[in-house]
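*Asks:* coordinates only, sequence not included:
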């Protein structure tokens, strides 16, 4: 199975979507079972992938490569590292949970599940792609089902339903109400989401095409571009800004965030889960995969931009969530606020902070998925999301109330959940470089505690109106299974984070070493190595290219000639760098070594 694990995970939802085309909507149970089976295959494959990934070896594993167009340099190239593996798992968990959360949908059930499966498969494809063409292809594929899921199966906000003009006729998203986010229709939310993401995607596409054009390599292979592409000066700055702005719009970062809460409010519960859980992470992941990997120097120079913008994301999203009265708006703005923590961890460019940022992407997916799932359950029972009109539901749905409490605790970062570990790593790793932002982040945690438990008090406690007496709890296996799955994963990985930490560090360590140009301690103690010796040791690797196997992705150094041109010490890419490992930052750091098998002991002794 290991040879084709990624193909099973990626294509199981696609196969399920195709199979549903041949089933009638009148056969609702068969539709649901096919969707659940395809999602289950993807989930089992993702768990196998996560636990079978070898953090000691690191690099990209489970690699599959199929030539698609030699003339254009495009290949269907799949592989996962320590950064992509947890996000593939998060996508599969939320897809499987979303299938059961949507079990009671009766309007065009087949079409709903088809688009939900395509959406999840597209996000998984982004996390697996090692070719820029297919990374962008899957990225764009995720936008189309989102538009349909919101526009067809979404819901209007209460403010929009109550909105009338002096003649008593309903206004349809007029210009005067564009900035009134609580009074928008589902069609408006779908169109706004599509326009924001499409414009951002076009901006990112410009950066990708510039990489393809000016690299001179005639390939979209990320690993080849990482090793051999050379960009400098204003061109590197332009490309990096295009990549960052284009992909940050889906993250979302302030001020490109306004589409996200509106989309959350209009979307069905399962769509909101995937939207907040994995769709938003496409932005962070793509910036890491493209910007960090291919433009490490420019990343080091310009990433402070994200450190500034994340302040506004954390505070603005938290404050709006505190004053919001719609449950989905509270959770939606909370998600926008929490994405600022991921950008903070990325901006610090530290082993600990970036590891925490990747872990937080997974943790946030589970916590927010739980919150949206239960907000959807409350809406299905009461047909309202207005917090002031709710209350006392704990007597009618104690299981949902208990799960909601766990989800709130996870979002705040309560010890015992994986969110706690991720938040601590982001704050500790970012303190030395951005102490002010860390203080703001702590304030954001206090705000999170305030608005989430305020929402819980308003929904589940106090007096209950008689019109909600018909509401009932989640009592069947179908209703409880998705909630227990997400809660179980959040707590299990929070109590036993060892393998999770090792997996992520195996992807983060070589990336941070490239960006910060860390010289291992063993190389510091050796005598100086002449530039000519370094070039001789490095020339055979350059002539062989990158390749497509597991050996190719472990090479993280850049050509010595390029380093000398930048004034970097030759020791940074010398054979000693390939032999020695960087000093561990925390106990339990996996041994990450580059490929030094081509350097003989005689050559190393000669340099000494």
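*Replies:* All right, it came through fine. Everything quoted here is computed from the prediction, not taken from an experiment.

*Asks:* domains for this structure, by residue range?
*Replies:* According to automatic domain parsing, the chain comprises the domains 2-159+181-508, 520-544+565-607.

*Asks:* avg pLDDT for the longest one?
*Replies:* Throughout domain 2-159+181-508, pLDDT has a mean value of 89.

*Asks:* Check the shortest one too.
*Replies:* Model confidence over domain 520-544+565-607, given as mean pLDDT, is 38.

*Asks:* quick one: residue 253 and residue 339 touch, right?
*Replies:* Yes. Judged on Cβ atoms under 8 Å, residue 253 makes contact with residue 339 at a distance of 6.9 Å. All C-beta atoms are positioned from the backbone trio N, CA, C, and that covers glycine.

*Asks:* Give the residues shared as contacts by the two.
*Replies:* residue 313 (Cβ atoms under 8 Å, 6 or more residues apart in numbering).

*Asks:* more neighbours, the two?
*Replies:* Taking other Cβ atoms under 10 Å, residue 253 and residue 339 do not tie; residue 339 has more neighbours (30 against 26).

*Asks:* and the nearest residue to the more buried one once chain neighbours are set aside, helix, strand or coil?
*Replies:* Closest residue to residue 339 apart from its sequence neighbours, by Cβ to Cβ, 6 or more residues apart in numbering: residue 251 at 5.4 Å. When classified by DSSP: H, G, I helix; E, B strand; the rest coil, residue 251 comes out as coil.

*Asks:* For residue 251, what are phi and psi?
*Replies:* phi -60, psi -50 (degrees, to the nearest 10).

*Asks:* In contact with it, which residues are there?
*Replies:* Neighbours of residue 251 in contact, by Cβ under 8 Å, 6+ apart: 280-281, 283-284, 287, 339, 342-343.

*Asks:* now those residues in JSON lines, with distance to residue 201 and secondary structure?
*Replies:* Formatted as JSON lines, the contacts of residue 251 follow (distance: Cβ to Cβ, whole Å; DSSP: H, G, I helix; E, B strand; the rest coil):
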{"residue": "280", "distance to residue 201": "14", "secondary structure": "coil"}
{"residue": "281", "distance to residue 201": "16", "secondary structure": "helix"}
{"residue": "283", "distance to residue 201": "11", "secondary structure": "helix"}
{"residue": "284", "distance to residue 201": "15", "secondary structure": "helix"}
{"residue": "287", "distance to residue 201": "13", "secondary structure": "helix"}
{"residue": "339", "distance to residue 201": "18", "secondary structure": "helix"}
{"residue": "342", "distance to residue 201": "20", "secondary structure": "helix"}
{"residue": "343", "distance to residue 201": "19", "secondary structure": "helix"}
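
*Asks:* and residue 409, that's in a helix?
*Replies:* Yes. Read with three-state DSSP, residue 409 is one of the residues of a helix.

*Asks:* Just the buried ones from the contacts of residue 251?
*Replies:* For the contacts of residue 251, a neighbour count by 16 or more other Cβ atoms under 10 Å gives the buried set as 280-281, 283-284, 287, 339, 342-343.

*Asks:* Mind giving me the packing neighbours of the top helix by length along the chain?
*Replies:* Ranked by residue count under DSSP state H, the longest helix found in the chain is helix 351-382. Applying 3 or more Cβ pairs under 8 Å, 6 or more residues apart in numbering; DSSP states H and E, one finds that helix 351-382 contacts helix 84-101, helix 269-274, helix 281-286, helix 327-348, helix 398-412, helix 418-431, helix 477-495, helix 498-516.

*Asks:* Longest strand of this structure, counting residues only.
*Replies:* For the chain, the strand reaching the highest residue count under DSSP state E is reported as strand 61-69.

*Asks:* So what angle separates the directions of the helix or strand just after it and strand 61-69?
*Replies:* Next in sequence after strand 61-69, counting helices and strands by DSSP states H and E, comes strand 74-80. Strand 74-80 and strand 61-69 meet at an angle of 170 degrees, taking axes from the mean of the first three to the mean of the last three Cα atoms, to 10 degrees as the criterion.

*Asks:* Would you mark the buried spots in strand 74-80?
*Replies:* Neighbour counts over strand 74-80 (16+ other Cβ under 10 Å) mark 74-80 as buried.

*Asks:* Let me see the contact set for residue 244.
*Replies:* Contacts of residue 244 (Cβ under 8 Å, 6+ apart): 287, 291, 302, 305-306.

*Asks:* quick check, nearest of those residues to residue 207?
*Replies:* residue 291 (8.5 Å; Cβ to Cβ).

*Asks:* Okay, the closest residue to the closest one other than its chain neighbours and residue 118: tell me how far apart.
*Replies:* Closest residue to residue 291 apart from its sequence neighbours, by Cβ to Cβ, 6+ apart: residue 243 at 4.7 Å. Per Cβ to Cβ, to the nearest Å, residue 243 is found 25 Å from residue 118.

*Asks:* Neighbour count for those two, which is higher?
*Replies:* residue 243 (28 against 21).

*Asks:* check contacts around that one.
*Replies:* Residues in contact with residue 243 (Cβ under 8 Å, 6+ apart) are 204, 207-208, 286-287, 290-291, 295.
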